[in-house]
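Chemist: What shape does this take:
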Amino acid sequence: MDQLIQQLINGLSVGATYALIALGYTMVYGILRLINFAHGEVYMVGAVSSYYLAEWSMGWTHSLWVSLPIVVVGSMVTCAILGFLIEFLAYRPLRDRPRLVVLISAIGVSLLLQNLAQFQAIFGPTPKRFPELIQSTPVLYNAAHTIVLTNLDILSLGLSLGLMVIMTWVVLGTKTGLALRAVSFRFDISMLMGINTGKIISFTFMFGSALAAVAGTIDAIRYDVRPLMGLMPGLKAFVAAVLGGIGSIPGAVVGGLLMGLSETLVKGYLPSAYTGYADAVAFVVLIVILLVRPTGLFGRVAPEKV
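Modeler: Prediction:
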């Protein structure tokens, strides 16, 4: 039982970061019906920018309460600007083109960011350990230390849940959120009603990219920073978005948490010789979803009038 509880804690901590990335996928798809396959690399840029910000801030202060907000907010701003540039330069000129053209452009942006990050002048191909901004320490544990909740788990869950609450308020309680929902429902009618769809699309990319930056920062602190680190989490977050129902914000959150739980449970209970296959679980889940319920857990079938 103790092992199960520990794996659930680990799964929720990992799943929270998947949920943040999945929200970016589902927001962009809800507006443009586009899968932004460069989103995993935005997560990577968030990790790289937080690495440099941590080095810079720790050079003049050793206070966690000063450095951590600088790292988190700085990486969010960096990725928000990157998200705007990706939409403005790579997607906006192709908005009236076939979706396949836009999809190819997304893959091209992904490969471009991966290769740029491997330049030594930018980051380099070698993985780097994140500066010791926060050391993993137990916060809550039982007498036998078989169930441990660390400060990094609390940071991951706290930041993720806090941002999800803010996002829910923005979408449901602000005029920008109302416009976003209108554009998501009917793009053409929204333009006729006076909504600046270009600004709403840019806001969506920027907001989703900022959420991915936080996920990248959390994983950079927990593990290390690599120029190709966005590939697998990006794919898993996409599966999480499909699992929850692509285009559904609650679905992205639930899908991310379920993906994290399934991954950690497989790693925890499979024999050690097979734990390397844990990443395959995401793709098995994707195949099952597409076969059984293509719309996902929270997705709805929307019939089109002809």
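
Chemist: Now do the phi/psi pair for V139.
Modeler: Torsion angles at V139 (phi, psi; degrees, to the nearest 10) stand at phi -110, psi -40.

Chemist: Show me the helices in the stretch 201-306 of the chain, by range?
Modeler: Remark: helices assigned in the stretch 201-306 of the chain by DSSP state H, counting those that start in this stretch are 231-244, 249-269, 280-292.

Chemist: which of those sits most buried?
Modeler: Ranked by mean neighbour count, those are led by helix 231-244 with a mean of 25 (mean count of other C-beta atoms under 10 Å). Every residue, glycine included, has its C-beta placed from N, CA and C.

Chemist: Give me the contact list for that helix.
Modeler: Residues outside helix 231-244 that contact it (C-beta atoms under 8 Å, 6 or more residues apart in numbering): 15, 17-19, 21-22, 24-26, 29, 35, 37, 39-41, 43, 114, 215, 219, 250-256, 258-259, 263, 279, 282-283, 285-286, 289-290, 296-299.

Chemist: From the chain's centre, how far out is the helix of greatest length in the chain? Work that out for me.
Modeler: Across the chain, the longest stretch assigned as helix under DSSP state H is helix 2-32. The chain centre lies 8 Å from the centre of helix 2-32; the measure is C-alpha atoms, centre = their mean, to the nearest Å.

Chemist: Tell me where the stretch 1-150 of the chain has helices.
Modeler: Here the stretch 1-150 of the chain has its helices, by DSSP H, counting those that start in this stretch, at 2-32, 39-58, 64-86, 99-117.

Chemist: Check which helices and strands the third one sits against.
Modeler: Other elements packing on helix 64-86 under the criterion 3 or more C-beta pairs under 8 Å, 6 or more residues apart in numbering; DSSP states H and E are helix 39-58, helix 197-222.

Chemist: would a markdown table of the ones you listed with mean neighbour count and distance to K128 be doable?
Modeler: Below are those laid out as a markdown table (neighbours: other C-beta atoms under 10 Å; distance: least, C-beta to C-beta, whole Å):
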| stretch | mean neighbour count | distance to K128 |
| --- | --- | --- |
| helix 39-58 | 25 | 7 |
| helix 197-222 | 25 | 9 |
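
Chemist: Output those helices in CSV, with distance to I122 appended to each entry.
Modeler: Listed next are those as CSV, based on distance: least, C-beta to C-beta, whole Å:
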stretch, distance to I122
helix 39-58, 8
helix 197-222, 15
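
Chemist: Just put those in CSV and tack on mean pLDDT.
Modeler: Formatted as CSV, the helices and strands packed on helix 64-86 follow (pLDDT from 0 to 100):
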stretch, mean pLDDT
helix 39-58, 94
helix 197-222, 94
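
Chemist: closest to V101 out of the ones you listed?
Modeler: Nearest to V101 among the helices and strands packed on helix 64-86 is helix 197-222 (17.0 Å), distances taken as C-beta to C-beta.

Chemist: Could you tell me the angle between the closest one and helix 2-32?
Modeler: Between helix 197-222 and helix 2-32, the angle comes out at 160 degrees (axes from the mean of the first three to the mean of the last three C-alpha atoms, to 10 degrees).

Chemist: In the protein, which residue is most central in space?
Modeler: I21 (1.2 Å; C-alpha atoms, centre = their mean).

Chemist: Surely that one touches H39?
Modeler: Yes. In this structure, I21 is within contact of H39 by C-beta atoms under 8 Å, at 6.6 Å.

Chemist: any common contacting residues for the two?
Modeler: The contact sets of I21 and H39 overlap at 212, 234, 237 (C-beta under 8 Å, 6+ apart).

Chemist: Include distance to M191 when you put these into JSON lines, please.
Modeler: Shown next, in JSON lines, are those (distance: C-beta to C-beta, whole Å):
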{"residue": "A212", "distance to M191": "28"}
{"residue": "G234", "distance to M191": "31"}
{"residue": "A237", "distance to M191": "30"}
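
Chemist: S110: which of these is nearest?
Modeler: For those, the nearest to S110 is G234 (8.1 Å; C-beta to C-beta).

Chemist: Tell me how far that closest one lies from N36.
Modeler: 10 Å (C-beta to C-beta, to the nearest Å).

Chemist: and if you look at L157?
Modeler: Distance, L157 to N36, using C-beta to C-beta: 25 Å.

Chemist: Also T137?
Modeler: Distance, T137 to N36, using C-beta to C-beta: 36 Å.
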